[in-house]
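J.: Mind looking at a prediction? Sequence and model below.
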Amino acid sequence: MAVSDNPGGERLAPPDGSGVLAAALDLAVEYNFIVIFFFVAAIAATLSSNFLTFGNISNLFQQAAVVGIVAVGMTYVILTANIDLSVGSMAAFSGMLVAVLMAGGHNPWLAVASTLVVGMAGGALMGGITAFARVPSFIVTLAGLVSIRGVTYLISEGTPIGNLPKEFGSLGSTLIPILPGFDFPLMGIIFIAVCAIAGVVLRYTVFGEYVFATGGNIEAARLSGLPTRLMTMGVFAVSGLMASLGGVMLTSRLRIGQPTAAQGMELDAIAAVVLGGTSLFGGRGGVLGTFFAVMLLQVLRNIFNLLGLGSFYQMTVTGVIIVAAILLNRLIDHRMGRE
Amino acid sequence: MADILTVKNVAKRFPPNIVALEHASLSVAPGEVHCLLGANGAGKSTLLKIVSGAFKPTSGEILVHGEPIRLRSPQDGARAGISMIYQELDLVPQLTVEQNLYLGHPPARFGIIDRKKRRDGAVEALRRVGASFGPDVRVEKLSIANQQLAAIARSLTMKAKVIIMDEPSAALNERELERIFEVIRELVRQGVAIVYVSHRLNEIREIGDRVTVLRGGRTIGTFDVATTPENALVEAVIGQNRSLIERGARRAITGGVALEVKSMKGLDGLEISDFKVRWGEIVGLSGLNGSGRTTFLRSLFGAASFEGAILLDGRDFHPRHPGDAIRRGVGLAPESRKTEGLILDAAIYRNAALPSLRHRRLLSHRAMRASAEPVLKGLSTKYGDSERPVRQLSGGNQQKVVLAKWIIGGSRVLLLDEPSRGLDVGAKSDLYALVRRLADEGAAVIVASSELEELYAACDAIWVFHEGRNIQFFDPSATDRDDILKASILGVRTSTWQ
C-alpha cells in the first residue's frame, strides 16, 4: 500500500489557506449522493410542473416509506459486510401474519407488536446461524428468502386476506397537515423517524461503533474484545425488524395482506444501500446515504410516471444510474487515496 | 557489462498530495545481489511496484538492457524479465506447486495446457532452487520457507533476469534464511540478478554485493557492501548517527508476580509450565517460527482454547474469549497488525478507543478523541489528524495505535507478538523505549519476537520456546547472546555457566 509508505502521515493534511471553498467542496464530494439527489430533483422540477407540488412530494414519501425502512435495516447488515436476501419475503410474511392475526380477531396493536417481534426473531435466527455456524449470510438468507415466502403462502393458504380493521388501515393512509395545504403521510414520518433513529444509533452508541468495527475488520474487532458474533446476530435482528415493519405498513397501505407482495424488494433495498455509498465490504457508509438513495430512486420512478413513460424505460435508466453513481464513488475513493 | 536494469530519477505522486517517491534511481548489474535498504516510508515498496510494473511512475524512466521501457502492468514487467516476489507470497494456496509455477503463463496451444512441458519445466525449476518437495504438493501444505522457494522457482519459469525479493526474511528463521541465501548465491552464479530488500544490516552484509539506500523517497546513494562500514549505512538510512536498540541498564524488578502459568496445554501441542512475569518486568519469548510463541500469547488472551492453571494477580485466570482477558486487564498486540490489530479504514482515534468502549452504551466522539489523543501523543505517535484512517500511518505509528488501544483500555498486562515486524531501525528503537517506559510504569510485558537481538537488548528475562514448550530461561544480562540462539535453534538446554 503506497499510502502507508508515507512517513508519519504529516504530509497528508490538505494545504492550509484554501479556505471555506475547499472545505465545502470536500463536503460535497463526501456527501455527493445529496448533491446528485438535488440535481436529479431539479431536473425533475424542470421537466414537470407537477413535481414540486405538495401533493406529489407527499406521494413520494408515501411510496418510498416501505422500501426505505427495509433499506435502513439492510444498511446495518451491509455495514458488517453481510447481506440479507430474505427481507422481501420477510416483509410479505409479516404483512400476511399481521392480517391473519387480525382476521383471527386479535387486537390490531397486539397483532402489530407480535408480528414485529416475530420478524426480529426471524432475523436474529438467520444472523445467529451465520455467526455461530459460520455459514455465509448470502446462503442463510437465500434459504430464508425461499422458506419464509413458503410459510407466507402456508399461513394464508395462498389467498389474500382483506377486511382489516379500520384503525389498522389508518397507519398507511393518515395524512398529517404540517403546513397549510401540505398534508404529509404518516408513513413518511415513520420512515424519516426510523432513519433518524438508525443514524443516531450508528453515530452515538457503542452498538453503532461496534457495527462499523465488525464490518471494518472482524478479526481485529474480535481481538479488541468485541462480541462479534452477537453483533452479526444483532444487525440481522434489526434487518428482520425493519423488514417486518415495512411489511406491516405495506399491508396497511394496501388494506389487504398479499402473499405475493414485496417480491424482489431485497434487490431494491440493496441497490439503495449501495447507491447511498455504503461499501459492500463493510465498515463504511451510513443511513443518511441510504435515505437519499431511496428518495432518488423514488424521484426517478416519479419522473417517468409524470412524463408518462412506462416501467421499461424506468428499469433501464434506474440500472444505468446505479452503475454511474457507483463508478463515481470508485473514482472519488481513488482520488482520496482510499485504495 | 551493461546494467540489466536501470531506474532513472523516478517519482511517484498520489492524489491529492502524497509524494511516495521523489527522486529514486537504481541500477542493477547482471549476476549481482543488489540490496535495497531504507526506513519505513522511504519509498521502497513504491519503487519496487514501479519496477515490477504494478504502478506507473509519475515521472522518470526505466531501462532494461539500456533500452527505455514502459511497464503498464506486472505482466509487462514479467515479459521484460523482471519478477517480483512479494512479502505476502502471491501463490494460490489451493493449487499445486506445478500449477502455481506456471500461473499466468502456462505452456499452452489453443488454450490447451501442454502438461508434459509444464511438468518438465516445473521439475527443472524446483531442481534449480534445490527444493525438497515435488510439483504435485498443494502450496498450502508447504512451510513458509518452502513457499518462498516455490515463489523463486516461479520466477525462474518466467525466465526472469531480475528477481526482486521484498523482505524474504521477515517470516523466516535463521536456518531457513540460510537456505534461501544458498539458492540466491546459486542463481547469481547462473547470471540472474537479485534485488534484495531488507531492514537487517547483517543479512545485507552476508548476501549483498552492493546496496542502494533510500530515504524520504530519494536515493541517498549506492554503496559497496564489503567496503562500507556499518555506521555509514545506518547513517544513510536514518539521516543521522543513531544507535540500534541499546541495552539499558539492568533494572531491579520489585513488583510482585503479575501472571503465573503453572501449567498450560493448548493448540498445536502447546505445553507450558512454570512461566512467570512480574509487574514492571519485560519477558521475551524467543524461538523458531512455529515454536508456540504466538499460540501461547493467543491462549493467554483467550483467542485460542487451552487447559491449565493460571494465576493473574493472584486470582484464577482462564479466559475463554478475548473479552474475558480484557476485563482482567490483559491486552494483545497481534502478530499481524494490519489484518488482526487494526481496522485500517477507520479513523485513528476510533481504533485507539475501541476496546475502552465496553463500559459504555452511548458514545461521544469528542470524548473518544479526548481519551485517545493524549495517549497517542504520550506514545509520540505521528499523525496529522486523528480523524484520518489509520491506513495512512507508517508501520511504526500503526503499532503505536495498537499499543494505545490497550493503554486507553486500562490493560496492565501487555502481550506483544512480533511488535517490531516491518519496522525500521529508528521505529524499532522507539518502540522498545516505549515498552520499557510502560514497564517502568508498572506494566507486565511479554514480547515474542523472532529477532533475538531485540529481545536480548530489551528484555529482563528471555524464555526460549521450542516445539510448543518453554524449554529454557535466560537472564540476558548474564548470558551470551549466542547461547540463547543455540538453544532456540537446537531446542536443547544449553549450559550458561561455562
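T.: That came through fine.

J.: wait, is B:Ser83 part of a helix?
T.: No - B:Ser83 sits outside any helix when classified using DSSP: H, G, I helix; E, B strand; the rest coil, being strand.

J.: bridging residues for it?
T.: B:Ile163 (DSSP bridges).

J.: Can you report how many residues lie near it?
T.: B:Ser83 has 24 neighbouring residues, counting by other CB atoms under 10 Å in any protein chain shown. Any C-beta I mention is one placed from the backbone N, CA and C, and that applies to glycine too.

J.: And it, how close does it get to A:Thr75?
T.: According to CB to CB, to the nearest Å, B:Ser83 and A:Thr75 sit 44 Å apart.

J.: start to end distance for stretch B:10-19?
T.: One end of stretch B:10-19 to the other measures 12 Å (CA to CA, to the nearest Å).

J.: what mean pLDDT does it have?
T.: Regarding stretch B:10-19, the rounded mean pLDDT is 76.

J.: Let me see the ranges of the strands in chain A.
T.: For chain A, the strands defined by DSSP state E occupy A:175-179, A:182-185.

J.: try the stretch 51-200 of chain B
T.: Taking DSSP state E, counting those that start in this stretch to define them, one finds strands in the stretch 51-200 of chain B at B:59-64, B:67-69, B:82-85, B:108-109, B:112-113, B:162-166, B:193-197.

J.: out of the ones you listed, nearest to A:Phe207?
T.: Across the strands of the stretch 51-200 of chain B, A:Phe207 has its closest neighbour in strand B:162-166 (40.6 Å, CB to CB).

J.: quick check: angle from the closest one to strand B:59-64?
T.: Counting by axes from the mean of the first three to the mean of the last three CA atoms, to 10 degrees, strand B:162-166 lies at 120 degrees to strand B:59-64.

J.: Mean confidence (pLDDT) on strand B:162-166, please.
T.: Rounded mean pLDDT across strand B:162-166 is 91.

J.: Give me the contact list for it.
T.: Residues from elsewhere that reach strand B:162-166 (CB atoms under 8 Å, 6 or more residues apart in numbering or on different chains): B:4-5, B:28, B:44-45, B:48, B:51-52, B:81-87, B:152, B:155, B:184, B:187, B:192-197.

J.: now with 6 Å?
T.: With CB atoms under 6 Å, 6 or more residues apart in numbering or on different chains as the test, strand B:162-166 has contacts from B:4-5, B:48, B:82-87, B:155, B:193-197.

J.: before we move on, what about stretch B:132-147?
T.: Around stretch B:132-147, the neighbours that count as contacts under CB under 6 Å, 6+ apart are B:89, B:91, B:93, B:96-98, B:100, B:122, B:171-172, B:176.

J.: So which of these sits lowest on pLDDT?
T.: Lowest-confidence member of the contacts of stretch B:132-147: B:Ala171, scoring 71 (pLDDT).

J.: ok, now which ones touch that one?
T.: By CB under 6 Å, 6+ apart, the neighbours of B:Ala171 are B:Ile144.

J.: ditto for B:Leu101
T.: Shown in contact with B:Leu101 (CB under 6 Å, 6+ apart): B:122, B:125, B:153-154, B:157.

J.: go with 10 Å
T.: Counting by CB atoms under 10 Å, 6 or more residues apart in numbering or on different chains, B:Leu101 touches B:91, B:95, B:118, B:121-123, B:125-126, B:135, B:139, B:150-151, B:153-158.

J.: Over to A:Val200?
T.: By CB under 10 Å, 6+ apart, A:Val200 lies in contact with A:208, A:287, B:362.

J.: can you check B:Lys428 too?
T.: Counting by CB under 10 Å, 6+ apart, B:Lys428 makes contact with B:40, B:199, B:244-245, B:396, B:399, B:419-422, B:451, B:453-454, B:457-458.

J.: Can you select the buried ones among those for me in PyMOL?
T.: Buried residues within the contacts of B:Lys428, by 16 or more other CB atoms under 10 Å in any protein chain shown, are selected in PyMOL with:
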select buried, chain B and resi 40+199+245+396+399+419+420+421+422+451+454+457+458
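
J.: Looking at the contacts of B:Lys428, which is nearest B:Arg481?
T.: Nearest to B:Arg481 out of these is B:Glu453 (CB to CB; 7.6 Å).

J.: so how far is B:Ala439 from the closest one?
T.: Separation of B:Glu453 from B:Ala439 (CB to CB) stands at 19 Å.

J.: Which members of the contacts of B:Lys428 occur in helices, if any?
T.: Counted as lying in helices by DSSP state H, out of the contacts of B:Lys428, are B:396, B:399, B:453-454, B:457-458.

J.: Torsion angles phi and psi at the nearest residue to A:Gly169 once chain neighbours are set aside?
T.: Distance criterion CB to CB, 6 or more residues apart in numbering or on different chains; nearest residue to A:Gly169, sequence neighbours excluded, is A:Arg255 at 5.0 Å. Main-chain torsions, A:Arg255, degrees, to the nearest 10: phi 60, psi 30.

J.: What count of nearby residues applies to A:Arg255?
T.: Per other CB under 10 Å, the neighbour tally for A:Arg255 reads 15.

J.: Who are the contact partners of residue 193?
T.: You didn't pick a chain, so chain A it is. By CB under 10 Å, 6+ apart, the contact list for A:Ala193 reads A:Ile69.

J.: Oops, wrong one, chain B.
T.: For B:Ala193, the contact set (CB under 10 Å, 6+ apart) comprises B:3-5, B:28-34, B:81-82, B:160-164, B:187, B:209.

J.: Next step: these restricted to helices.
T.: Going by DSSP H, the helices hold B:Leu187 from the contacts of B:Ala193.

J.: Would you write a PyMOL line that selects the buried entries of the contacts of B:Ala193?
T.: This is how PyMOL selects the buried members of the contacts of B:Ala193, with burial counted by 16+ other CB under 10 Å:
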select buried, chain B and resi 3+4+5+28+30+31+32+33+34+81+82+160+161+162+163+164+187+209
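
J.: what's the neighbour count on B:Glu88?
T.: Neighbourhood size, B:Glu88 [other CB under 10 Å]: 11.

J.: one step back: of the contacts of A:Val200, which is the nearest to B:Asn470?
T.: Closest to B:Asn470, out of all of the contacts of A:Val200 and judged by CB to CB, is A:Gly208, at 42.7 Å.

J.: Grab the nearest non-local neighbour of the closest one.
T.: In space, and not counting its chain neighbours, A:Gly208 is closest to A:Leu202: 3.8 Å by CB to CB, 6+ apart.

J.: thinking that neighbour is in contact with A:Gly283, fair?
T.: No - assessed by CB atoms under 10 Å, A:Leu202 is found out of contact with A:Gly283, at 11.9 Å.

J.: What separation do you get for the nearest residue to B:Val10 once chain neighbours are set aside and B:Val7?
T.: Excluding the flanking residues, the one nearest B:Val10 by CB to CB, 6+ apart is B:Gly60, at 3.3 Å. To B:Val7, B:Gly60 is 7 Å away according to CB to CB.

J.: and if you look at A:Pro136?
T.: Separation of A:Pro136 from B:Val7 (CB to CB) stands at 44 Å.

J.: more neighbours, the two?
T.: Between A:Pro136 and B:Val7, counted using other CB under 10 Å, the more crowded position is B:Val7 (21 against 11).

J.: Helix, strand or coil: sort out that one for me.
T.: B:Val7 ends up strand, using three-state DSSP.

J.: residue ranges with poor pLDDT in the stretch 201-350 of chain B?
T.: Residues of the stretch 201-350 of chain B meeting the criterion pLDDT under 70: B:238-250, B:289.

J.: Which residues of it lie near chain A?
T.: B:215-217, B:298, B:301-303, B:321-327, B:330-334, B:336-348, B:350 (CB under 10 Å from any CB of the partner chain).

J.: Out of the contacts of A:Val200, which comes closest to A:Ile197?
T.: Compare each of the contacts of A:Val200 with A:Ile197 using CB to CB and the shortest gap goes to A:Val287, at 9.1 Å.
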